[in-house]
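Engineer: From the sequence below, what's the structure:
(one chain, ligands or ions: 1)
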Amino acid sequence: MSVKPTTGHTAAFRPGAFHSEPDGRIFSKTVEKNANPVIDGLSPFLGDASGHALEIGSGTGQHIQHFARAFPNLTWTPSEPDATHRASIDAWRAHENSTTLPAITIDAALDWPGQPELQAITPLNLILSLNVIHISPFTVANGIINGAGKTLKPLGLLAFYGPFMENGQHTGDGNAMFDARLRADNPDWGIRDTADLADLGRAAGLKQIALLQMPSNNRILLLQKT
Ligand SMILES: C[S@@+](CC[C@H](N)C(=O)[O-])C[C@H]1O[C@@H](n2cnc3c(N)ncnc32)[C@H](O)[C@@H]1O
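Structural biologist: Numbering: from 1, shown residues only. Below you'll find the model as predicted:
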């Protein structure tokens, strides 16, 4: 099946915030800064979890290398609809001589069980998506939650990381300005409200089990398959 991207993915990687290595790895300083706080936040919930973990919208592919080292009992699969990003993900995988599986081409807004690359790794124990659902149309958030409802094992976890609104309010002035910039770039983008995501989760058979504070007014929203 050919996957048609639902948005201009490369717009998510702003000039100046990244550089490319000769072997194709895209390097982001922000990812290096965020990885350990995310790992610390997830650790109490993952412990020594095993099974399959899928990242949606892996971007440069750096995060998943940190996660694979921190949680080695999980089998990690990165995914990306954007071919340039997939090349970076696989270049990171080669550079790290990593246990992560090759990047697959999931467009999260499409019907998940209809995407053949998922069949080898489902049912899933964990789905992670970092900094994706505010830089894509709401159909992507909806698709991730519905996909999680269909592909997670009972008690499996879905984790979103990034900026969120809570009860209709931004969690800081910086996020309010960021939201305005996102919506100016693309009216379908924007910071999502945890209450809307929790509602979608309930309808898909997932319940919210945590909302963790992260540096720079970011959050981890954790939903669990019931
Ligand atoms: C801001 S980047 C974040 C990348 C990475 N997760 C990180 O935190 O550095 C947003 C990512 O979402 C991906 N994305 C956008 N639309 C998507 C979709 N429909 N399905 C899956 N990923 C998507 C983009 O290709 C891009 O890699």
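Engineer: Just the buried positions in stretch 27-44, please.
Structural biologist: Residues of stretch 27-44 classed as buried: 28, 31, 34-35, 37-39, 41-42 (neighbour count, 16 or more other C-beta atoms under 10 Å). Every C-beta, even on glycine, is put in place using the N, C-alpha and C of the backbone.
Engineer: Okay, and residue 112 sits in which element?
Structural biologist: Under the criterion DSSP states H and E, no helix or strand holds residue 112.
Engineer: and it, what does it touch?
Structural biologist: Neighbouring residues of residue 112 by C-beta atoms under 8 Å, 6 or more residues apart in numbering: 106, 118, 143, 146-147, 150-151.
Engineer: switch the cut-off to 7 Å
Structural biologist: 118, 147, 150-151 (C-beta atoms under 7 Å, 6 or more residues apart in numbering).
Engineer: about what we covered before: can you tell me which of the buried residues of stretch 27-44 is closest to residue 155?
Structural biologist: residue 42 (15.1 Å; C-beta to C-beta).
Engineer: what phi and what psi does the backbone show at the closest one?
Structural biologist: According to degrees, to the nearest 10, the main-chain angles of residue 42 amount to phi -80, psi -30.
Engineer: ok, now residue 94?
Structural biologist: Residue torsions, per degrees, to the nearest 10, at residue 94 are phi -70, psi -40.
Engineer: Nearest residue to the middle of this protein?
Structural biologist: residue 129 (1.3 Å; C-alpha atoms, centre = their mean).
Engineer: sorry, back to before: so which of the contacts of residue 112 comes closest to residue 186?
Structural biologist: Top of the list for closeness to residue 186, among these and by C-beta to C-beta, is residue 147 at 22.1 Å.
Engineer: Just confirm residue 154 contacts residue 225, I think it does.
Structural biologist: Yes. Residue 154 lies in contact with residue 225 (C-beta atoms under 7 Å); the separation is 5.6 Å.
Engineer: neighbour-wise, which of those two wins?
Structural biologist: Neighbours were counted for residue 154 and for residue 225 using other C-beta atoms under 10 Å; residue 225 has more, 23 against 9.
Engineer: How about the contacts made by the more buried one?
Structural biologist: So residue 225 contacts 152-156, 205-206 (C-beta under 7 Å, 6+ apart).
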